[in-house]
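>>> sequence-free structure coming up:
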């Protein structure tokens, strides 16, 4: 796992908590105070206030960063493995148009395949 990705995502989670969640909490508290003030006449009870949680947001985003970096590392390892297999087989590691055509479904019209092959040049 990449600690830089985890750290960046944890920082973004902390920033989200302060820039998004904190103002939302203040707005909910303001609305709850107004509702409580008028409740004797309206009969309404103030709603629950969702508190901003900087530590929880940082941890959640950090775990997301850990998952992302783990997935990226897995994809990089697979790409490296595939590239090394191609180079061992004598390939350059690059796919050329006719190799792409061989791997496509053979039920496609042959004339269309020729058009697609030569249209890239």
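Structure's in. What do you need? Just so we're clear, the structure is a prediction, and the values are computed from it rather than from any experiment.

>>> Outline the domain layout of the protein.
The chain resolves into domains spanning 3-90, 93-121 when parsed by automatic domain parsing.

>>> Of the ones you listed, which shows the lowest average pLDDT?
The stretch with the lowest mean pLDDT among those is domain 93-121, which comes in at a mean of 55.

>>> Please report the number of neighbouring residues for residue 17.
By the other CB atoms under 10 Å criterion, the neighbourhood of residue 17 contains 20 residues. C-beta coordinates here come from the backbone N, C-alpha and C atoms, glycine included.

>>> what's the answer for residue 62, then?
As a burial measure, the neighbour count of residue 62 was computed by other CB under 10 Å and equals 20.

>>> Quick one: residues contacting it.
When the contact criterion is CB atoms under 8 Å, 6 or more residues apart in numbering, the partners of residue 62 are 6, 7, 9, 10, 13.

>>> which helix of this structure spans the most residues?
Using DSSP state H to assign secondary structure, the helix with the most residues in the chain is helix 54-88.
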